[in-house]
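J.: Structure for the following, please:
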Amino acid sequence: MNRPKVLALILAGGEGSRMDVLTARRAKPALPVAGVYRLIDLPLSNLRNSAIDDVWVAAQYEVQSVVDVVAGGRPWDLDRTRGGLRLLTPEQRRDLEDEEGWHEGNADAIYQSREVIRQFAPDVLLVLSADHVYRLDFADVVSAHLERGADLTIVSTRVPAEQATHHGVVEVDDEGRVIGFELKPEEPRTDTVTTEVFAYSTDVLLDTLDALVEKLASGTSTNLGDFGEHLVPALVDRGRVFDFRLEGYWKDLGRPETYFAAHMDLVRGKPDLELDDPAWPVFTRDHQRLPARILAGATVEDSLISPGCVVEGTVRHSVLGPGVSVAAGAVVDHAVILTDVEIREEAEIRYAIVDEGAVVGKGAIVGAEPAGEVSTDDLVLVGMGAHVRGRRKLAPGDRVEAVRS
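T.: As a prediction, this is how the structure comes out:
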């Protein structure tokens, strides 16, 4: 059997408004994760390790931040004359009245790219989001998809019941066929949700999108919206949608509390969350920094300290990105600190996410330990380049806006 032609499309165009001030100056896929990586590094590395080397990235919001991070595909050996990485950005088009070209959801993003997809003619279109952490060999997904003759294969996982309402909820029969789908229901019927990894049979996908646009379009809009609104339900109704269960760690990092929780999982060394396995590496642009310096008198416990950091104070249960400085007498406890943040003497940071280039002044108090399970409202978010003045107190839930350069 000939090797199937597979095209991967990473959807990296959303504004990421749920991340609040953290995405004011960057696209969400460019958000740092685990100190030295960016969110989009994770799906790109899964693809590289799965030997899938035709990869397109659809970007729209703060496109330059995505361009800078993906570096032409070089870290993943995707900077090639033929194949490799291709960046897709919205274009004005004439197929709808005065259409501006901006994506109106992830299904619409695929529709906008339908002609270049059709020209490429993949057997399978693998569609991924760029804001999840997991490990998956996509070759296994493609193989299962083709063996079943599926129109669509949905990669799913199980989550705590109270979290299912944030996702697309899937009902699966005993044969692995998807028999029901609901997008973010108030009362989920199951705890099985999509991981936002989809394998489509390309011809069926494009024909279905065309039919939906003919039915739904009005004026300047396709009205396709996101996958779960019309596309996935239409394919489920055809009866050829199957489930592929992801075992192991998976988390959607698209909300502050889940982004924070994933970092705390890393700090705790959760056994099913591995980002440093030599057999399945995560690739990224190199940080040209010296190793971290932990100076006399410093205390560091259960933390990830990135290259270029200088720690004189106390760091517990936290992640420090490259180039962070923690002055003597400062305390960082249960926090995620991104690149080149300066934390001055006697400052205290707890249950907070502090973005790149911010300064936390001498004696400032940022955040506090919550009484129960951490929610977004319990976290302090400090935007890129912001300055928290000395002695200022920020209560749980406070936001400090990013500074525009």
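J.: How about residues contacting the longest helix out of those in the chain?
T.: Determined from DSSP state H, the single longest helix within the chain is helix 202-216. For helix 202-216, contacts defined as C-beta atoms under 8 Å, 6 or more residues apart in numbering pick out 7, 107, 110-111, 114, 117-118, 121-125, 151-152, 222-224, 230-231, 234-235, 238, 240. Yep, even glycine has a C-beta here, placed from its N, CA and C like the rest.
J.: at 6 Å what do you get?
T.: Tyr111, Arg114, Pro122, Leu125, Asp151, Thr222, Asn223, His230, Ala234 (C-beta atoms under 6 Å, 6 or more residues apart in numbering).
J.: Show the low-confidence segments of the stretch 51-200 of the chain, by residue range.
T.: The model of the stretch 51-200 of the chain has pLDDT under 70 over residues 91-103.
J.: which of the contacts of helix 202-216 lies closest to Pro307?
T.: Relative to Pro307, the closest of these is Leu125; by C-beta to C-beta it sits at 37.6 Å.
J.: and the contacts of helix 202-216, which two are the farthest apart?
T.: Pro122 and Asn223 (25.9 Å).
J.: for the longest helix of the chain, which positions count as buried?
T.: By neighbour count on 16 or more other C-beta atoms under 10 Å, the buried set for helix 202-216 is Thr202, Val204, Leu205, Leu206, Thr208, Leu209, Leu212, Val213.
J.: Lowest-confidence member of these, which is it?
T.: Lowest pLDDT of the buried residues of helix 202-216: Val213, 90.
J.: Can you give me the neighbour number for Arg80?
T.: Burial of Arg80 is recorded as 12 neighbouring residues (other C-beta atoms under 10 Å).
J.: That should have said Glu186, apologies.
T.: Neighbour number of Glu186 under other C-beta under 10 Å is 6.
J.: I'd like to know which of the buried residues of helix 202-216 is nearest to Thr165.
T.: Leu212 (25.2 Å).
J.: how far away is that closest one from Pro233?
T.: In this structure, Leu212 and Pro233 are 10 Å apart, going by C-beta to C-beta, to the nearest Å.
J.: now the helices: where do they sit in the stretch 251-400 of the chain?
T.: 256-268 (DSSP state H, counting those that start in this stretch).
J.: give me every residue that touches Glu196.
T.: So, once contact is read as C-beta under 6 Å, 6+ apart, Glu196 ends up touching Ser129.
J.: Then Leu7?
T.: If a contact means C-beta under 6 Å, 6+ apart, then Leu7 has Asp54, Phe120, Pro122, Leu125 as its contacts.
J.: re the thing from before, please state the offset of the longest helix of the chain from the chain centre?
T.: With C-alpha atoms, centre = their mean, to the nearest Å as the basis, helix 202-216 stands 27 Å off its chain's centre.
J.: How about stretch 174-185?
T.: In this view, stretch 174-185 has its centroid 23 Å away from the chain centroid, taken as C-alpha atoms, centre = their mean.
J.: cool, and stretch 244-258?
T.: Stretch 244-258 sits 9 Å away from the centroid of its parent chain (C-alpha atoms, centre = their mean).
J.: now do the same end-to-end measure for that stretch.
T.: Length of stretch 244-258, first residue to last, C-alpha to C-alpha, to the nearest Å: 23 Å.
J.: Model confidence score at the closest residue to Pro32 other than its chain neighbours, please.
T.: Closest residue in space to Pro32, ignoring its immediate chain neighbours: Leu338 at 5.0 Å, by C-beta to C-beta, 6 or more residues apart in numbering. Listed pLDDT for Leu338 reads 98.
J.: try Arg389
T.: Looking at Arg389, its pLDDT is 98.
J.: In contact with it, which residues are there?
T.: By C-beta under 6 Å, 6+ apart, Arg389 lies in contact with Gly361.
J.: wait, what's in contact with the residue nearest to Pro32?
T.: Pro32, Gly321, Asp355, Glu356.
J.: Among those, which one lies nearest to Val282?
T.: Pro32 (12.7 Å).
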